[in-house]
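> Build me a model:
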Amino acid sequence: MLSATRIHADEATVTVVSDTKDITDWALRYFGGWWNATAEAAPVAPGGSIAEGGALLLADVDMDRLADIETLVGDYEHDEVDYANARTLVARHEGGAIYAIQPAERLAYHYDPATSRLVIVGAHTEPVAVAASRLARELIRGQLLRAGFHILHASCVVRDGRALLTFGHKGAGKTTTALLLAREGYELLANDRVFVRPEDEGLRILPWPSAAAIGFGLLESTGLYEPLRARVLDGEQMHPTQDQRVTDALHAGSTKPIWNAKGKELKPQFFPDQLSSILGMTLAPQARATALLFPRVAKDAEPQLVPAPRALEEEDFFTSKTEDRYPDIFRLAPDKAAPATDLADRLALLPRRALVLTHDSRASTELLAKTAEGLLSE
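Okay, the predicted model is just below:
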């Protein structure tokens, strides 16, 4: 029996339909806290079309269809790209249809731009569910970009509808800032990226739902490690992108940082709904940009404000040139993005602060809370 999850994000709509309820339930838990996702009766037959605009995503375990698309891609000239850290082969056929496969994951895709209909099939339920949620977000992304939104590389917390955006290079403290302020009663709107659009009344901010990676050190210093470990020992399933070594460390009660061969720290990975159910955060669905923060984490420094917050840079704006994890392989985004000049000019007018944070979470929280309160009251 077909089941469906319908996702609304402002002016964008996607319906995920599947014969496997676990797949639509996955989309519901992924988007329900940030976007208006609801479980519904399946609105269409697999070969039908969807009314009321939006996009349709059909996802299932289907070995026959998987084999068919693998053959189609193999028989046609195709490109090889890295998509979501997976080797992906992409073939574009006459008439605009796009087929893709991820051989190691045993996943296959077919997108028809004429109907905004995307099919995902695979050999196992969990990879299909992960891919369906990721591509549902990509379908929403394309619609929001067409509606004039941009994507910023920033975390975001909210109080009374007023958003505080945090910018920084990788490791600067965007997630740390968001987590510490969320622990102080702010709503979490985004962990790493946001959608933003200039409007008459200001800059409108929408979430980018994604898994959140939070290091052992930060979890331990904020008192969240033991509650997380208790849930894992009780059978809680973390996001499947979590490395098995992290899961093993949680079972063993170890908080020692774990690094992969490339020197990247491996961290616990949370589903969006686990930010609420495990970490106790409240998720915000939208807000208006009010102020900017530019943190830097220095292990042995004292938490303090520092002069001259930097200006926004090219890498603070996600574009087709700067996108690294989710290249637009299905050409879901508009060919020409809306100019970001007005957005950059408006962001430049917002009050901002630069600060140094330390591994002392209590001292850093005190500085952040005081700074945020001051910025949002200006």
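> Where do the strands of the stretch 101-250 of the chain begin and end?
107-112, 117-122, 150-152, 155-159, 162-166, 187-190, 194-199, 202-207, 212-213 (DSSP state E, counting those that start in this stretch).
> got the contact list for the shortest one?
If I follow you right, that is strand 212-213. When contacts are defined by CB atoms under 8 Å, 6 or more residues apart in numbering, strand 212-213 is touched by residues 175, 191-192, 267-270, 272, 275. C-beta here means a position set from N, CA and C on the backbone, and glycine is covered the same way.
> How about the first one?
Contact with strand 107-112 is made by 65-66, 69-70, 73, 96-102, 117-123, 127-128, 131, 135, 330, 332, as judged by CB under 8 Å, 6+ apart.
> List the buried residues in that strand.
Neighbour counts using 16 or more other CB atoms under 10 Å place 107-111 of strand 107-112 among the buried residues.
> With only the CA atoms kept, save it in CSV.
Written as CSV, here are the backbone C-alpha positions of strand 107-112 (Å, rounded to 0.1, in the frame of the first residue of the first chain):
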residue,chain,number,x,y,z
LEU,A,107,21.2,3.2,-5.7
ALA,A,108,19.7,4.4,-9.0
TYR,A,109,17.9,7.6,-10.0
HIS,A,110,15.7,8.8,-12.9
TYR,A,111,14.6,12.4,-13.1
ASP,A,112,12.1,13.8,-15.6
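> How far off centre is it?
How far strand 107-112 lies from its chain's middle: 21 Å, per CA atoms, centre = their mean, to the nearest Å.
> go on, the shortest one?
The chain centroid and the centroid of strand 212-213 are separated by 9 Å under CA atoms, centre = their mean.
> ok, and the closest non-adjacent residue to residue 375?
Spatially, and ignoring its direct neighbours in sequence, residue 375 is nearest to residue 291 (3.7 Å; CB to CB, 6 or more residues apart in numbering).
> quick check, that neighbour in a helix?
No - using DSSP: H, G, I helix; E, B strand; the rest coil, the assignment for residue 291 is strand, not a helix.
> Next, count neighbours for it.
Residues lying near residue 291 (other CB atoms under 10 Å) number 20.
> Also residue 19?
16.
> ditto for residue 332
22.
> on that earlier part again, mind putting the strands of the stretch 101-250 of the chain into TSV with mean pLDDT?
Below are these laid out as TSV (pLDDT from 0 to 100):
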stretch	mean pLDDT
strand 107-112	96
strand 117-122	97
strand 150-152	95
strand 155-159	97
strand 162-166	97
strand 187-190	96
strand 194-199	96
strand 202-207	96
strand 212-213	93
